[in-house]
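Trainee: Let's see this in three dimensions:
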Amino acid sequence: MSITEPAPTSPRARRKDPDRRERIARAAITVVAERGVEKLTHRAVAAAAEVPLGSTTYYFATLDDLLASALRQAAADDVAQLREWAGSLEEHRDLAAALTELVLHYLGPERSRTAVEHELYIAALHRPALRHVSQEWDTALAELFTAHTDPVTGRALSAVFCGLLLQGVVRESVPAPEEIEMIFRRILHGRDVSSR
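Mentor: Numbers count the residues shown, from 1 in each chain. Model prediction:
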């Protein structure tokens, strides 16, 4: 499932500043990273995006609309990065080792981005308007992993991958590579055994 967003309603506004909607959504991600979901306001996002306050309310009437757009943008960016990673995998690459490296990358150089993405995702817990976007993200991740395994294993890898990232951004220390790899190998080994 592709993670998409409806275009602005005004063709004139689109011609004048075609990237404004996306810029506002990305600014919302920045504000959440700096202040948290609960401190998100139209005014803070407008300042971060360097647009008039009226622009944020024109594109996003409510804060839930703004959060949904930020979550959708974060999901699209994440899925695009993961597809690039998947496309670069060699045909006979050890998938458990590759997934371990990916988790460590998200918890190392990409740690701050990983944290804000999870904060946006978890915001759906108390904001029903965000749940369909979170579900789209889950579906896209499961489909990506399924392309390298099978549907059941793909969903399991997706759930474990997300769980490891969530635990990793909450814990002060990053899990040991051996621990992460053992978890992925257990999932993949179970698939191999059941297919015999």
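
Trainee: drop to CA atoms for contacts and neighbour counts, all remaining ones
Mentor: OK.

Trainee: Low-confidence bits of this structure, can you list those?
Mentor: 1-16, 92, 191-196 (pLDDT under 70).

Trainee: So in it, which helix runs the longest?
Mentor: In the chain, taking DSSP state H as the definition, the longest helix is helix 63-88.

Trainee: now for it, which elements pack on it?
Mentor: Under the contact definition 3 or more Cα pairs under 8 Å, 6 or more residues apart in numbering; DSSP states H and E, helix 63-88 sits against helix 20-35, helix 111-122, helix 131-146.

Trainee: Which of those has the highest mean neighbour count?
Mentor: Ranked by mean neighbour count, these are led by helix 20-35 with a mean of 21 (mean count of other Cα atoms under 10 Å).

Trainee: which non-adjacent residue is nearest the spatially most central residue of the chain?
Mentor: When Cα atoms, centre = their mean is applied to the chain, the residue found nearest the centroid is residue 75 (3.5 Å). Excluding its sequence neighbours, the residue lying closest to residue 75 (Cα to Cα, 6 or more residues apart in numbering) is residue 137, at 5.8 Å.

Trainee: For that neighbour, give me its contacts.
Mentor: Shown in contact with residue 137 (Cα atoms under 8 Å, 6 or more residues apart in numbering): 3, 72, 75, 76, 79.

Trainee: Could you export those residues to CSV, including columns for distance to residue 89?
Mentor: What follows is those, written out as CSV (distance: Cα to Cα, whole Å):
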residue, distance to residue 89
3, 23
72, 26
75, 21
76, 20
79, 15
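
Trainee: What is the most widely separated pair among the residues you listed?
Mentor: Maximum pairwise distance in the contacts of residue 137, criterion Cα to Cα, is 10.4 Å, between 72 and 79.
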